[in-house]
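Asks: coords below, sequence missing:
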């Protein structure tokens, strides 16, 4: 699966450029963004890759409990370490933590512990954590479909979500950011959601089929409600994000003989058409340039398609290696940027040399965090999840290595 690592590596580099350009190449960034939204390009590639890999991981293991153990040890150790580094830099006066609008420390901690903080009205301590909230919502939906035996319907789910996005923006449905938090209060929503999530994961991991179904559905409903009514991106874009991930799953099913390529192609056409139409109809705004978003989205889909076509070719080790440490690159670079902004400040003039130097410092540091934090965490996850497999529900045989 080297092509997937290559895609993650490319996306990680683009994310780093997107954020570091604020500091080192501000003028160039202002010219580029209306034409090509680098942030949306990178995260859509990431979401397609996640959609391809994550459901397959669950179905290969056949055990919800093992799946959650693997996800927890894959995602949380490095996220906790990156947040700790940022807090330490703030205490030392080297960086500044964002304002949480009078939210208590306990509320912020609990929200981040769920990894749904961006969907709970709590801005992420790291600017990149918002995407992990949508990833977590996707995990909950994947488990929900698996427990009720609808996991093979990825194509249909992707098209329905994309169609809802198009219908919503056409009908002019607009909700304020974190609308549900504003209605019931951020603290109560975080308390309810954290309890519901814990119950959902616990029940979905239980041995009883009834409890598994209840837990899966509870988690899926929680994820949908938060994305629909408490997202920080426009409603249509939140639905498109989920649709894109399920599109990745539909492609995986075609690749592994669980579905047909015609079905996957029709799904891709439907999702792309609805996404582009939604962005076009949404129009330009103060913080949204539809041309830049549409071009970035189409390029992300084409990049994923190019990777898929090259899946049987030899992938350069530099790209697969970069993909291996891509999660570290994704989480560590905002900490380093926060320290630079808090000490040296942002450049008034573009400096390509400093941009390159930032990458030169960042990548070796990320190799260290991968070896010291990520890899041991994944090893612990495999150890705790070893042998916890289930034969339910039945599924076609899949390729190993995902």
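Replies: Right, received. Where do you want to start? Here the structure is a predicted model, which means the values were calculated and not measured.
Asks: can you confirm residue 348 is in a strand?
Replies: No - checked against DSSP: H, G, I helix; E, B strand; the rest coil, residue 348 lies outside a strand; its state is coil.
Asks: how much space separates it from residue 33?
Replies: According to CB to CB, to the nearest Å, residue 348 stands 19 Å off from residue 33. In this view, the C-beta of every residue, glycine as well, is placed from N, C-alpha and C.
Asks: then residue 375?
Replies: According to CB to CB, residue 375 and residue 33 sit 35 Å apart.
Asks: please report how far residue 6 lies from residue 12.
Replies: If you go by CB to CB, the gap between residue 6 and residue 12 works out to 11 Å.
Asks: which one's more surrounded, residue 348 and residue 33?
Replies: Applying other CB atoms under 10 Å to residue 348 and residue 33 shows that residue 33 carries more neighbours, namely 18 against 8.
Asks: where does pLDDT dip in the chain?
Replies: Flagging of the chain using pLDDT under 70 yields the residue ranges 387-402.
Asks: for the biggest helix by length in it, packing partners?
Replies: Counting residues, the longest helix found in the chain (DSSP state H) is helix 64-91. Here helix 64-91 touches helix 38-61, helix 129-147, helix 186-204, helix 209-230, helix 326-343, helix 375-385, going by 3 or more CB pairs under 8 Å, 6 or more residues apart in numbering; DSSP states H and E.
Asks: ok and the fifth one relative to helix 375-385, angle-wise?
Replies: With axes from the mean of the first three to the mean of the last three CA atoms, to 10 degrees defining the directions, helix 326-343 sits at 140 degrees from helix 375-385.
Asks: mean neighbour count added to the helices and strands packed on helix 64-91, as CSV?
Replies: Shown next, in CSV, are these (neighbours: other CB atoms under 10 Å):
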stretch, mean neighbour count
helix 38-61, 23
helix 129-147, 24
helix 186-204, 18
helix 209-230, 20
helix 326-343, 22
helix 375-385, 15
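Asks: buried residues in stretch 27-37?
Replies: For stretch 27-37, a neighbour-count test (16 or more other CB atoms under 10 Å) marks 29, 32, 33, 36, 37 as buried.
Asks: with stretch 303-317 instead?
Replies: Buried positions in stretch 303-317, judged by neighbour count with 16+ other CB under 10 Å: 303, 304, 307, 308, 315.
Asks: checking the fourth one next. Helix, strand or coil?
Replies: Right, residue 308. helix.
Asks: what sits against it?
Replies: By CB atoms under 8 Å, 6 or more residues apart in numbering, residue 308 lies in contact with 3, 251, 255.
Asks: buried only: go through those for me.
Replies: Among those, those buried by neighbour count (16+ other CB under 10 Å) are 3, 251, 255.
Asks: do you know how far the second one is from residue 262?
Replies: With distances taken as CB to CB, residue 251 is found 12 Å from residue 262.
Asks: identify the contacts common to residue 6 and residue 12.
Replies: Residues touching both residue 6 and residue 12 by CB under 8 Å, 6+ apart: 322, 323.
Asks: sorry, back to before: inside helices: which ones of the buried ones among the contacts of residue 308?
Replies: Mapping the buried ones among the contacts of residue 308 onto helices (DSSP H) picks out 3, 251, 255.
Asks: hang on, the second one packs against residue 52?
Replies: Yes - counting by CB atoms under 8 Å, residue 251 does reach residue 52; the two are 6.1 Å apart.
Asks: pull the residues that contact the helix or strand following the longest helix of the chain.
Replies: As assigned by DSSP states H and E, the chain's next helix or strand after helix 64-91 is helix 105-114. When contacts are defined by CB under 8 Å, 6+ apart, helix 105-114 is touched by residues 83, 100, 117, 120-122, 124-125, 129, 136, 186-187, 190-191, 193-194, 197.
Asks: apply 7 Å and report the result again.
Replies: The contact list for helix 105-114 (CB atoms under 7 Å, 6 or more residues apart in numbering) reads 83, 100, 117, 120, 122, 125, 186, 187, 190, 193, 194, 197.
Asks: how big is the angle separating it from helix 209-230?
Replies: Counting by the same axes, to 10 degrees, helix 105-114 lies at 120 degrees to helix 209-230.
Asks: run the chain-centre distance for helix 105-114.
Replies: Centroid separation for helix 105-114 versus its chain: 19 Å, with CA atoms, centre = their mean, to the nearest Å.
Asks: for stretch 23-35, same thing?
Replies: Chain-centre distance of stretch 23-35: 24 Å, with CA atoms, centre = their mean.
Asks: first-to-last residue distance for that stretch?
Replies: Taking CA to CA, to the nearest Å, stretch 23-35 runs 20 Å from one end to the other.
Asks: identify all contacting residues around it.
Replies: By CB under 7 Å, 6+ apart, the list of residues contacting stretch 23-35 reads 21-22, 289, 291-292, 295, 337, 340-341, 346-347, 350-351, 354-355, 358.
Asks: try 8 Å
Replies: By CB under 8 Å, 6+ apart, stretch 23-35 touches 21-22, 38, 289, 291-292, 295, 337, 340-341, 346-352, 354-355, 358.
Asks: weed out the non-buried ones from those residues.
Replies: Judged by 16+ other CB under 10 Å, buried ones among the contacts of stretch 23-35: 21, 38, 289, 292, 295, 337, 340, 347, 355, 358.
Asks: could the residues you listed go into CSV alongside distance to residue 266?
Replies: Rendered in CSV, the data for the buried ones among the contacts of stretch 23-35 read as follows (distance: CB to CB, whole Å):
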residue, distance to residue 266
21, 37
38, 29
289, 30
292, 28
295, 23
337, 41
340, 47
347, 47
355, 41
358, 43
